[in-house]
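*Asks:* I would like the atomic coordinates for the input below:
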Amino acid sequence: MSHDLQIAIIGQAAFGESVLNALVEEGYSIVGVFCPPDKEGKAFDPLKTAAAAHDIPVFQFSRLRDPEAIDAFAGLKADLGVMAFVTDIVPMAMLQAPAQDTIQYHPSLLPKHRGPSSINWPVIQGESKTGLSIFWPDEGLDTGPILLQKEVDILEEDTLGTLYFQKLFTLGVEAMVESVALVEAGNAPRIVQDESEATYEGWVKADEARIDWGGSAETIFNLVRGCDPSPGANTLCKGESVQLFGARSSADSTGAPSGTIVSIEENGMTIAAGDGSLLIRKVRAPGSAKVTAAEWAGEKGIAAGEVLGQ
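*Replies:* Residues are numbered from 1 along each chain as shown. Alright, predicted model coming up:
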C-alpha cells in the first residue's frame with residue numbers, strides 16, 4: 001500500500017533505523033533523513049545505513065540550528081516531520097517546516113519525566129508504570145501537545161535495559177507508525193499537557209548514580225537497576241569506584257552494616273543494603289570489562305566483610 005504523505009525523518013541509532021524501515025514497509029515516502037555526522041573510525045549510524053539501502057537522501061549537520069540545516073530540511077517540502085531519537089536542539093523553523101508540522105517520540109508518559117534520562121528515572125524512583133508519548137514538539141523541552149501514549153508495567157526484574165529494549169523500543173516504533181497514520185487521516189489529537197503533573201529530571205550521570213548505603217534496600221535496588229546498563233550505579237571499594245549490575249533484592253536482613261559484602265558465591269555477591277540485602281551478579285572496575293562479581297572479587301582480593309562506599 002502506498003501513501004501520499006511525504007515524510008522527513010530526524011533521528012539516529014537503532015531506533016531511528018527501525019522507525020524508517022517500518023514506515024517504508026508501510027508504503028510511506030521518505031523524502032530525506034537527517035542524522036548526526038559520521039565519527040572517524042566508527043561505523044555509520046544505523047539510520048544512515050538504512051536510508052542508503054532505500055536510496056533516501058541523507059543530510060548530516062553538526063548543529064540542526066544552523067541555517068544550512070534548516071534550509072536543507074525546508075527544501076525537502078515534506079508533509080510531516082518525524083523525530084525518532086533526537087539529542088540535538090531542533091529549532092522551531094525546522095519543526096514547522098513540514099506542511100503538517102512534526103511529531104516526536106519520548107519514552108515516558110508526559111508530562112511526567114521530561115528530560116534526557118526519562119527511562120532511568122521511573123525505575124530509580126520506584127514507579128510501577130511508565131510508557132511512551134508521541135507528541136508535537138514546541139519551543140519547550142518535551143512540553144508540546146500529546147498525540148498518543150502507550151503504557152507499560154515496570155516489573156521488579158526490569159532494568160533500564162529491559163524496559164527499553166524489550167518494551168519501549170518496539171512499542172515506540174509501532175506507536176510512531178500509528179501516529180503517522182492518524183496524521184494522514186486527519187485524526188491526530190493535540191492534547192495539551194497538564195503542567196500541574198509535570199516533572200523534569202536531567203541526565204543520570206555518575207553523581208546521580210552513586211549509591212548511598214544509608215538509604216533503604218528498596219531505594220538502593222531501584223538505583224542499581226535504573227542505571228543498568230548505563231551509566232552503572234557506582235560505589236567505592238578500597239578507594240576505587242566500581243559499578244554494580246544485575247541486582248536482585250531481598251527483604252531479609254543480614255544483620256551487617258549497610259554496604260558490607262556478606263558473601264561471595266558463583267551466582268553473585270550478597271551485600272547488606274539498608275533493611276535488607278542485594279545480590280549483585282556483575283561488576284565493572286574502571287578501564288575494565290564487566291565481569292561476574294566472583295571474578296572481580298578474585299582479581300581484586302575482595303573478601304566477605306569488605307565495606308563498600310569508603
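*Asks:* now for Leu76, how many residues are close by?
*Replies:* Counted with other Cβ atoms under 10 Å, residues neighbouring Leu76 total 20. All C-beta spots, glycine's among them, are computed from the backbone N, C-alpha and C.
*Asks:* oops, could you answer that again for Pro67 instead?
*Replies:* 10.
*Asks:* for it, what are phi and psi?
*Replies:* phi -50, psi -40 (degrees, to the nearest 10).
*Asks:* same thing with Thr162?
*Replies:* Per degrees, to the nearest 10, the backbone of Thr162 is at phi -70, psi -40.
*Asks:* and the protein, what are its domains?
*Replies:* Domain segmentation of the chain under automatic domain parsing yields 6-197, 217-300.
*Asks:* in the stretch 1-150 of the chain, which spans are strands?
*Replies:* Secondary structure of the stretch 1-150 of the chain (DSSP state E, counting those that start in this stretch): strands at 6-11, 29-34, 58-59, 80-84, 102-106, 129-135, 146-153.
*Asks:* ok so, going back, out of the domains of the chain, flag the one nearest Trp203.
*Replies:* Between Trp203 and these, the shortest gap by Cβ to Cβ is with domain 6-197, which sits at 5.2 Å.
*Asks:* in CSV: the domains of the chain, plus mean pLDDT and distance to Glu208.
*Replies:* Shown next, in CSV, are the domains of the chain (pLDDT from 0 to 100; distance: least, Cβ to Cβ, whole Å):
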stretch, mean pLDDT, distance to Glu208
domain 6-197, 97, 8
domain 217-300, 96, 8
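*Asks:* make a markdown table from the ones you listed and add distance to Val204 to it.
*Replies:* Listed next are the domains of the chain as a markdown table, based on distance: least, Cβ to Cβ, whole Å:
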| stretch | distance to Val204 |
| --- | --- |
| domain 6-197 | 4 |
| domain 217-300 | 6 |
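*Asks:* closest to Gly309 out of those?
*Replies:* Closest among the domains of the chain, using Cβ to Cβ: domain 217-300, at 4.5 Å.
*Asks:* quick revisit: what's the closest of the domains of the chain to Ala206?
*Replies:* domain 217-300 (6.1 Å).
*Asks:* I'd guessed Leu23 sits against Val177; true?
*Replies:* Yes: using Cβ atoms under 8 Å, Leu23 is in contact with Val177, at 6.4 Å.
*Asks:* these two - which one has more neighbours?
*Replies:* Leu23 (23 against 17).
*Asks:* and the more buried one, what is it in contact with?
*Replies:* Ile7, Ile9, Ile30, Val82, Met176, Val177, Val180 (Cβ atoms under 8 Å, 6 or more residues apart in numbering).
*Asks:* in space, what's closest to Glu266 - neighbours in sequence excluded?
*Replies:* Ala294 (5.6 Å; Cβ to Cβ, 6 or more residues apart in numbering).
*Asks:* rewinding a little: I'd like the contacts of Leu23 as TSV, with distance to Glu40 appended.
*Replies:* As requested, the contacts of Leu23 are exported to TSV (distance: Cβ to Cβ, whole Å):
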residue	distance to Glu40
Ile7	30
Ile9	24
Ile30	27
Val82	29
Met176	31
Val177	34
Val180	35
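*Asks:* of these, grab the buried ones for PyMOL.
*Replies:* Buried subset of these, written as a PyMOL selection, criterion 16 or more other Cβ atoms under 10 Å:
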select buried, resi 7+9+30+82+176+177+180
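*Asks:* residue closest to the middle of this protein?
*Replies:* Against the mean C-alpha coordinate of the chain, by Cα atoms, centre = their mean, the closest residue is Ile119 at 5.1 Å.
*Asks:* quick one: residues contacting the nearest residue to that one once chain neighbours are set aside.
*Replies:* Spatially, and ignoring its direct neighbours in sequence, Ile119 is nearest to Pro107 (5.0 Å; Cβ to Cβ, 6+ apart). The neighbours of Pro107, taking Cβ under 8 Å, 6+ apart as the test, are Ser118, Ile119, Thr130, Gly131, Leu132, Tyr164, Leu168, Gly172.
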